[in-house]
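Asker: would you be able to build a 3D model of this:
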Amino acid sequence: MSLLAPLACGLVLATSAPEPETASCRRIHSPGAAARCAAAHAPAARVADADVEVAHARRDAARVILPEHPTLDVTVVRRRGPDDRDVNVYGTLRQPIEIGGQRRTRTRLADAEIEIARAEIASAHRHAASLALGAYYDVIAAQRRGAEMTKVLEVTRKLEALAGERVGAGVSAGIEHELARAARVLAQRRVLDARREEKVARARLARMVGVAAKDLDVAGDLVPLDVPNDERAMRPEIAVVSAQARAHDRRTAMLRRSRVPTPALIATVQRDGFGELVAGGGISLGIPLPSPLGPNKRAEIAESAALGRRTRADQFRIEHGIALERETAAADVIARRETLALYEPEITQSASVALDALAEAMVAGQLDLRDALMAQRTLLELLQGRLDAQHELCLAALDAARASGADLEALR
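Answerer: Purely as a prediction, here's the structure:
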């Protein structure tokens, strides 16, 4: 007992301890890394893995050749008469066999269930990868937004300091200093909002890739995915529902085959009081009765066939929705690219330089404070608009890649 207790305790700790973190998933510097790590840690995929094991176990059970174990009946009778007495022994061996191909239909049904479980694994991987890609782009956009707003905050602090000096020198009204202070507070608020967005998106991404948020290193740029739209690629959702339809068809066939009576081979041995040994054999065959006197599987067959038709109708619905999703995503990508094209690189680069030069222009007397604050707001809206356009294009390209059926885990 003293040896079994530590072993049992160690076994419990080993099974309840969390899986070790993957070191490579702590460094997410590309969309492909986010997709692969999230797919590897998808909880739904683990459930589907267990379903695969269950389906394989059912297939092993379906491969049994004989439907039942043989049955041996032995009867011993003591016979006693007025003149003599003896012991009679009767033995019967019964073995049911299947003649309607039930074993083959059960095996095919188990194969279809394995296909369903495997398709659900692929669907779970794809769903987790798409969610992680969205979180990855949210983190990158928040990082960029925080960096730009930090730069704006530095400019507003310079403007606030200059406004305070001018008010102290008596060359400016106090309202200008209050405007500069308000601009600085708004800039600080935007910096905090960007940091909050980054923390939230980082926490989501960290949970998806299976690492702690404090250990997650995320880097990259807002570059949209370039995935070709292959209409021939099958989405995992279609593979799941298609396998389900085949499973219903095979279950219907199995129910139809199960109506074939299962005969039993019988061997009998008898020893009676006359000193004779009697041996023989035969066959036992069930007699199916019409409904409602006996079960005939008619209702179960009708239900299974109806479920198969319903599954195919659901498959058509999903295919129609995917086609609409592909067309909508492709149109959205085109519109997002047109929006991003408005923010030409030369214009945004000049705006970034002009934003840094606002304080110097105010010191040189080229701008007063109100004009500087108005210019700052305009330049900030331009830079933030370009960042939002890049972020929206990345998300639209992600939707297009998800709708196309492309392998998200193969991204770089």
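Asker: so who does Glu206 touch?
Answerer: Quick fix: residue 206 is Ala, not Glu. Residues in contact with Ala206 (C-beta atoms under 8 Å, 6 or more residues apart in numbering) are Ala212, Ala213, Asp215, Leu216. All C-beta atoms are positioned from the backbone trio N, CA, C, and that covers glycine.
Asker: which one is the second one nearest to, not counting chain neighbours?
Answerer: The one in question is Ala213. Ala206 (4.0 Å; C-beta to C-beta, 6 or more residues apart in numbering).
Asker: mind pulling up the pLDDT for that neighbour?
Answerer: Ala206 is assigned 95 on the pLDDT scale.
Asker: check Arg85 too.
Answerer: Predicted confidence (pLDDT) for Arg85: 75.
Asker: residues contacting it?
Answerer: Contacts of Arg85 by C-beta under 8 Å, 6+ apart are Arg78, Arg79.
Asker: so what sits opposite it in the bridge?
Answerer: Arg80 (DSSP bridges).
Asker: if we can go back for a sec, next, the buried residues of the host helix or strand of the residue nearest to Ala213.
Answerer: Using DSSP states H and E, Ala206 falls within helix 174-209. Judged by neighbour count (16 or more other C-beta atoms under 10 Å), helix 174-209 contains these buried residues: 176-177, 179-181, 183-184, 186-188, 190-191, 194-195, 197-198, 201-202, 204-209.
Asker: ok now it, how far from the chain's centre?
Answerer: 32 Å (C-alpha atoms, centre = their mean, to the nearest Å).
Asker: can you pull out the strands in the stretch 151-300 of the chain?
Answerer: Along the stretch 151-300 of the chain, counting by DSSP state E, counting those that start in this stretch, strands occupy 217-218, 264-271, 277-284.
Asker: a markdown table for the ones you listed, including distance to Ala313, mean neighbour count and mean pLDDT?
Answerer: As requested, those are exported to a markdown table (distance: least, C-beta to C-beta, whole Å; neighbours: other C-beta atoms under 10 Å; pLDDT from 0 to 100):
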| stretch | distance to Ala313 | mean neighbour count | mean pLDDT |
| --- | --- | --- | --- |
| strand 217-218 | 43 | 16 | 94 |
| strand 264-271 | 42 | 16 | 87 |
| strand 277-284 | 44 | 10 | 86 |
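Asker: among these, which comes closest to Glu327?
Answerer: strand 217-218 (32.4 Å; C-beta to C-beta).
Asker: figure out how far the closest one is from the centre of its chain.
Answerer: Using C-alpha atoms, centre = their mean, the offset of strand 217-218 from its chain centre is 23 Å.
Asker: mind listing the strands it pairs with, and their directions?
Answerer: Here strand 217-218 has these sheet partners by DSSP bridges: strand 27-28 (parallel).
Asker: what mean pLDDT does the partner strand get?
Answerer: Here the average pLDDT along strand 27-28 is 92.
Asker: could you point out which element follows that strand?
Answerer: Heading C-terminal from strand 27-28 (DSSP H and E), you reach helix 31-40.
Asker: if you compare the directions of the helix or strand following that next one and helix 31-40, what angle comes out?
Answerer: Toward the C-terminus, helix 31-40 is succeeded by helix 43-62 as the next helix or strand (DSSP H and E). Inter-element angle recorded for helix 43-62 and helix 31-40: 50 degrees (by axes from the mean of the first three to the mean of the last three C-alpha atoms, to 10 degrees).
Asker: with only the CA atoms kept, save helix 43-62 in CSV.
Answerer: What follows is helix 43-62 as a C-alpha-only set of coordinates in CSV (Å, rounded to 0.1, in the frame of the first residue of the first chain):
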residue,chain,number,x,y,z
PRO,A,43,-9.6,22.8,-27.9
ALA,A,44,-12.2,21.7,-30.4
ALA,A,45,-9.6,19.7,-32.3
ARG,A,46,-8.8,17.7,-29.2
VAL,A,47,-12.5,16.8,-28.9
ALA,A,48,-12.5,15.8,-32.5
ASP,A,49,-9.3,13.7,-31.9
ALA,A,50,-11.2,11.8,-29.2
ASP,A,51,-14.1,11.3,-31.7
VAL,A,52,-11.7,9.7,-34.1
GLU,A,53,-10.6,7.3,-31.4
VAL,A,54,-14.3,6.5,-30.7
ALA,A,55,-15.0,5.9,-34.3
HIS,A,56,-12.0,3.6,-34.7
ALA,A,57,-13.2,1.6,-31.7
ARG,A,58,-16.6,1.3,-33.3
ARG,A,59,-15.0,0.1,-36.5
ASP,A,60,-13.1,-2.6,-34.6
ALA,A,61,-16.4,-3.7,-33.0
ALA,A,62,-18.1,-3.7,-36.4
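Asker: relative to the whole chain's centre, how far out is it?
Answerer: The answer for helix 43-62 is 17 Å, by C-alpha atoms, centre = their mean.
Asker: just checking, what packs against it?
Answerer: helix 102-169 (3 or more C-beta pairs under 8 Å, 6 or more residues apart in numbering; DSSP states H and E).
Asker: avg pLDDT for the helix it packs on?
Answerer: pLDDT averaged over helix 102-169 gives 89.
Asker: can you name every helix or strand that it contacts?
Answerer: Looks like helix 102-169 contacts helix 31-40, helix 43-62, helix 174-209, strand 217-218, helix 236-258, helix 345-356, helix 358-363, helix 369-404 (3+ C-beta pairs under 8 Å, 6+ apart).
Asker: need the residue closest to the centroid of this protein.
Answerer: Centroid check for the chain by C-alpha atoms, centre = their mean gives Ala124 as the closest residue, at 2.5 Å.
Asker: please list all residues in contact with the residue nearest to Thr150 when sequence neighbours are not counted.
Answerer: Closest residue in space to Thr150, ignoring its immediate chain neighbours: Val191 at 5.8 Å, by C-beta to C-beta, 6+ apart. Contacts of Val191 were listed using C-beta under 8 Å, 6+ apart, and they are Gly146, Met149, Thr150, Leu153.
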